[in-house]
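[1] quick check, what structure comes out for this input:
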Amino acid sequence: MLGELGLVLIVEQEAGDVDPRRAHLQFAPLPYNVLYDAVNTRRNEVASMQQEFLLLADGAEAVNGKIYILGGGVDRHFVQAGAERPIQLRADIAVGILVDWGETNNRYPMSVKVIDEDEHEILSIDGEFEAGRPPGAKPGQSLRTVLSIRGPFPIPSPGAYRVQLQLEGKPQAPAFRFWIDELTSKRP
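    Numbers count the residues shown, from 1 in each chain. You can find the predicted model right below:
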């Protein structure tokens, strides 16, 4: 997409010359601000801020723009039969958000919700985030913000659940589905 917007074709012809084969072609690069406006106009048709990833992990930590994940993507969790309620889900949540260049340096509300199989919200973690422009960022570039939310999280009972990210009140896709199963005997 940037390639088709990045150059302007200038056709020069001698006055009175109607033969296009004698035209002089010249390519001129567009300035960044013109290029950004053209790209940004196209992007306004889709969300300018979006979830890049969302998952449960045995451990997750966001430090200096990097996310460190241990046991990422774990979707089955086990508890002993008769375990005390609420169950303490020993997991962390890792989140990646892409923010459009024009949306940086502002604070935005976000919410991470845990929803059960009957569509009841059982947990909501609300907050704000801000994506800044690091040195050397290119105009028009989407910027990644990574977050980790450390557990444990209280879950009422075994069953099917999903973690859902909302940015500015808009649900993001895909949600991360997970299950908590009760063990009836010791695992091997």
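[2] quick check: neighbours of the lengthiest strand in the chain in the sheet, parallel or antiparallel?
    In the chain, taking DSSP state E as the definition, the longest strand is strand 49-63. Strand pairing for strand 49-63, determined by DSSP bridges: strand 66-72 (antiparallel), strand 92-99 (antiparallel).
[3] now these in CSV, with distance to residue 179 and mean neighbour count?
    C-beta coordinates here come from the backbone N, C-alpha and C atoms, glycine included. CSV is the format used below for the strands paired with strand 49-63 (distance: least, Cβ to Cβ, whole Å; neighbours: other Cβ atoms under 10 Å):
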stretch, distance to residue 179, mean neighbour count
strand 66-72, 16, 14
strand 92-99, 16, 22
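[4] now those in JSON lines, with distance to residue 105 and mean pLDDT?
    Formatted as JSON lines, these follow (distance: least, Cβ to Cβ, whole Å; pLDDT from 0 to 100):
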{"stretch": "strand 66-72", "distance to residue 105": "21", "mean pLDDT": "94"}
{"stretch": "strand 92-99", "distance to residue 105": "10", "mean pLDDT": "96"}
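[5] tabulate those strands (CSV), appending distance to residue 55.
    Putting the strands paired with strand 49-63 into CSV (distance: least, Cβ to Cβ, whole Å) gives the following:
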stretch, distance to residue 55
strand 66-72, 6
strand 92-99, 5
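[6] and the helices in this protein, which stretches?
    With DSSP state H, the ranges of helices along the chain come out as 2-5, 32-43.
[7] tell me, which of these is the model least confident about?
    Mean pLDDT is lowest for helix 2-5 among these, at a mean of 39.
[8] okay, now the domains of the chain?
    2-43, 49-183 (automatic domain parsing).
[9] out of those domains, deepest packed?
    Among these, domain 49-183 has the highest mean neighbour count (mean count of other Cβ atoms under 10 Å), at a mean of 15.
[10] what about that domain, start to end distance?
    In domain 49-183, first residue to last residue: 41 Å (Cα to Cα, to the nearest Å).
[11] follow-up on the earlier one: mean pLDDT lowest where, among the domains of the chain?
    domain 2-43 (a mean of 47).
[12] contacting residues for residue 160?
    116, 117, 177, 178, 179 (Cβ atoms under 8 Å, 6 or more residues apart in numbering).
[13] format those residues as JSON lines; extra columns: distance to residue 152.
    Formatted as JSON lines, the contacts of residue 160 follow (distance: Cβ to Cβ, whole Å):
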{"residue": "116", "distance to residue 152": "17"}
{"residue": "117", "distance to residue 152": "21"}
{"residue": "177", "distance to residue 152": "19"}
{"residue": "178", "distance to residue 152": "14"}
{"residue": "179", "distance to residue 152": "17"}
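[14] let's see which of those residues end up in strands.
    Counting by DSSP E, the part of the contacts of residue 160 found in strands is 116, 177, 178, 179.
[15] what's opposite the second one in the beta bridge?
    On the basis of DSSP bridges, residue 177 takes part in beta bridges with residue 162.
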